[in-house]
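**Q** What shape does this take:
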Amino acid sequence: MVSRVIPVSSFDLVIFGATGDLAQRKILPGLFRRFSVGQMPRDARIIATARSEIDTDMFRADLRTSLAEFAPCSSGDAEMLDQFLATIVYIHLDVMSQEGWSELVGLLRGSAVRAFYLSVSTSLFGTIASRLSSYGAVTPESRIVVEKPFGNDLAIARALNADLRQGFEESQIYRIDHYLGKETVQNLMALRFANALWEPLWNSTHIDHVQITVAESLGVEGRGEYYNRAGAMRDMVQNHLMQLLCLTAMEPPSRFEPNAVRDEKVKVIEALAPAKPQEIVRGQYRDKEGQGSYRAHAGDPTSRTESFVAMKVAIANWRWAGTPFYLRTGKRLRARTSEIAVVFREPPHMIFPEMENRRSNQMIIHLQPDEGITLHNTIKEPGPGGFRLAEVTLDMTFANALGGQTDSQDAYERLIMDVIRGDQTLFMRGDEVEAAWAWVDPIIARWEEARHAPEPYDAGGSGPEEALMLMHRDGRRWREIGRVEDK
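**A** Okay, the predicted model is just below:
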């Protein structure tokens, strides 16, 4: 199967914070790959802005170095690289100053789609949106893209939404979560809603429980100051894990259209039962074999910030009544892996006693590092003499199943092209963000009031022992992090 590359319309993309880490590692390399395969039109323009007092030639020279590291497969074509760099103009701009805005607006073409990517601190969102509006840069074909974290609590999220809406309509605001750009996340919707096989089984009658795991092997080195203010609940649960939960649990939308999809996601969040304190585990990694502790990496020897969260979540609606969702995320765990494990119930009458309580039917949706879907089934073990059962897997790793002919895209590449197309399906709506904060805020408030330290766990492990007990009490077990037999 060969994927089709569908070019997008001509556009002007303004990147605020273009010298920063995200722009250099993800945004600009992703644009170069889209340019290389012909999806980004040759007359598109990228206007890079930052506070660095450099000129366009210096910015292009620095970017050439970044592309050699972060887009090495494409950057080997010198002519293609030169053509891409020629689309870029750099403007020195301090967003808090009035200088440079007129020059920026003067470069924008009236006929092209205008996209403004805010790869900057959330504290600057309102200022940039207001300046763009006051300088006449916002047209009906304009879009503004903002990164997470979108707020620190519900009040701040509401204020940020109000700031952005001073210059832009909700239909023009793209709150990006790169997890939603992953191929497997989108395939989850195709799997559920394009096949008659799964939807009749996708409910509490047939599904025992769901596990959503986002595990990282790295610690918070280099991000300690930010992470110590945020913690795993704000940094991961409120956005990434909540989005995966919504896509797994949502009802079929009436049509595959941005607001219809996002309406159903909001309904999931609004149906979440309040989390019970005894069904949440906070953890913080400690040093093991000289790898360093969270407190050392955060530069705070008395930190009470969690680097790990595990929780049991209930969705109070007819589809999911009685089926718990277990969420787990953490830093410095055994392996880097993200997956959704849908564990089906046992057959109503088990005629093979040795298989009781095994729950052998599982669908594992792998998000990283290798995207794909694995289905666990039980069969008779081949061979004469006796009737022995064995578990086998049906594997669809995208790179293998599609013969390596897919147009492999980073999540940012796909999402930026969706911005240019004006497709908001994979972006969070304002009420969706606020609903997520409304559910998370009481949990964080209880932690701050109690002032309990998180449970310690060894770096390179699976998290605190209390997280294992969270499922053991229910007669269930977490899947092993980085489980190799599924690969």
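
**Q** residue ranges for the strands of the stretch 101-250 of the chain, please.
**A** For the stretch 101-250 of the chain, the strands defined by DSSP state E, counting those that start in this stretch cover 113-118, 142-146, 173-175, 207-215.

**Q** what's the closest of the ones you listed to Ala18?
**A** Smallest distance to Ala18 across the strands of the stretch 101-250 of the chain (CB to CB): 8.7 Å, for strand 113-118. Every residue, glycine included, has its C-beta placed from N, CA and C.

**Q** now the closest one against strand 142-146, angle please.
**A** Between the axis of strand 113-118 and that of strand 142-146 there is an angle of 20 degrees, by axes from the mean of the first three to the mean of the last three CA atoms, to 10 degrees.

**Q** Leaving out chain neighbours, which residue sits closest to Ala50?
**A** Nearest residue to Ala50, sequence neighbours excluded (CB to CB, 6 or more residues apart in numbering): Thr19, at 4.2 Å.

**Q** And for Gly224?
**A** Per CB to CB, 6+ apart, closest to Gly224 is Ala298, 3.9 Å.

**Q** Same check on Thr139?
**A** Distances taken as CB to CB, 6+ apart place Arg114 nearest to Thr139, at 6.1 Å, with adjacent residues excluded.

**Q** Do I have it right that the one you found meets Ala44?
**A** No - under the criterion of CB atoms under 8 Å, Arg114 is not in contact with Ala44, lying 11.4 Å apart.

**Q** Can you check which residues contact both of these two?
**A** 11-12 (CB atoms under 8 Å, 6 or more residues apart in numbering).

**Q** Spatially nearest residue to Gln238 (excluding sequence neighbours)?
**A** Gln238's closest residue in space is Val440 (CB to CB, 6+ apart), at 4.7 Å.

**Q** tell me the pLDDT at that neighbour?
**A** Turning to Val440, the model gives it a pLDDT of 96.

**Q** Could you do Ala115 as well?
**A** Reading off the model, Ala115 has pLDDT 97.

**Q** Contacts only, for it.
**A** Per CB under 8 Å, 6+ apart, neighbours of Ala115: 11-14, 142-145, 416, 419-420.

**Q** can you map out the strands along the stretch 351-487 of the chain?
**A** So, for the stretch 351-487 of the chain - with DSSP E, counting those that start in this stretch - the strands run 362-368, 372-380, 389-397, 455-458.

**Q** Adding distance to Leu191, write the ones you listed out as TSV.
**A** As requested, those are exported to TSV (distance: least, CB to CB, whole Å):
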stretch	distance to Leu191
strand 362-368	8
strand 372-380	7
strand 389-397	10
strand 455-458	33
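
**Q** just those strands: most buried one?
**A** By mean neighbour count, with neighbours taken as mean count of other CB atoms under 10 Å, strand 362-368 ranks first of the strands of the stretch 351-487 of the chain at a mean of 21.

**Q** How far off centre is it?
**A** 15 Å (CA atoms, centre = their mean, to the nearest Å).

**Q** Please identify the pairing partners of it and their relative orientation?
**A** strand 337-344 (antiparallel), strand 372-380 (antiparallel) (DSSP bridges).

**Q** From Ile47, how far off is the residue nearest to Thr139?
**A** 10 Å (CB to CB, to the nearest Å).

**Q** before we move on, what about Phe150?
**A** Applying CB to CB, the value for Phe150 to Ile47 is 24 Å.

**Q** now do Leu245
**A** From Leu245 to Ile47 the distance is 37 Å (CB to CB).

**Q** Averaged over its residues, which helix or strand of the chain has the lowest pLDDT?
**A** helix 398-401 (a mean of 55; mean pLDDT, DSSP states H and E).

**Q** For the residue nearest to Gly224, give me phi and psi.
**A** phi -80, psi -10 (degrees, to the nearest 10).

**Q** Could you look up the SS state of Met311?
**A** Here Met311 is strand, with the state taken from DSSP: H, G, I helix; E, B strand; the rest coil.

**Q** So, low pLDDT: which residues of the protein?
**A** Scanning the chain for pLDDT under 70 picks out the ranges 1-3, 73-76, 353-359, 385-386, 397-408, 483-487.

**Q** Now the lengthiest helix in the chain: buried residues?
**A** The longest helix of the chain (DSSP state H) is helix 430-450. Residues of helix 430-450 classed as buried by neighbour count (16 or more other CB atoms under 10 Å): 430, 432-441, 443-444, 447.

**Q** before we move on, what about stretch 139-154?
**A** 142-152, 154.

**Q** could I have that stretch exported to CSV, CA atoms only?
**A** Provided in CSV are the C-alpha atoms of stretch 139-154 (Å, rounded to 0.1, in the frame of the first residue of the first chain):
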residue,chain,number,x,y,z
THR,A,139,-8.1,37.4,8.3
PRO,A,140,-10.9,34.8,7.9
GLU,A,141,-8.2,32.4,6.6
SER,A,142,-6.0,32.8,9.7
ARG,A,143,-5.3,30.2,12.3
ILE,A,144,-3.4,30.3,15.6
VAL,A,145,-1.6,27.3,17.0
VAL,A,146,-0.8,27.0,20.7
GLU,A,147,1.2,24.4,22.6
LYS,A,148,0.6,22.7,25.9
PRO,A,149,0.6,23.2,28.8
PHE,A,150,-2.7,25.1,28.2
GLY,A,151,-3.0,26.6,31.6
ASN,A,152,-2.0,25.4,35.1
ASP,A,153,-5.6,25.1,36.4
LEU,A,154,-9.2,25.8,35.3
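
**Q** to the chain's geometric centre, what's the distance from it?
**A** For stretch 139-154, the distance to the chain centre is 15 Å (CA atoms, centre = their mean).

**Q** Once you drop chain neighbours, what's closest to the most centrally placed residue in the chain?
**A** Nearest to the geometric centre of the chain sits Tyr179, at 2.2 Å (CA atoms, centre = their mean). Excluding the flanking residues, the one nearest Tyr179 by CB to CB, 6+ apart is His240, at 4.8 Å.

**Q** got a list of what that neighbour touches?
**A** Taking CB under 8 Å, 6+ apart as the contact definition, His240 lies against 177, 179, 214, 329.

**Q** one more time with 7 Å, if that's ok
**A** 177, 179, 214 (CB atoms under 7 Å, 6 or more residues apart in numbering).
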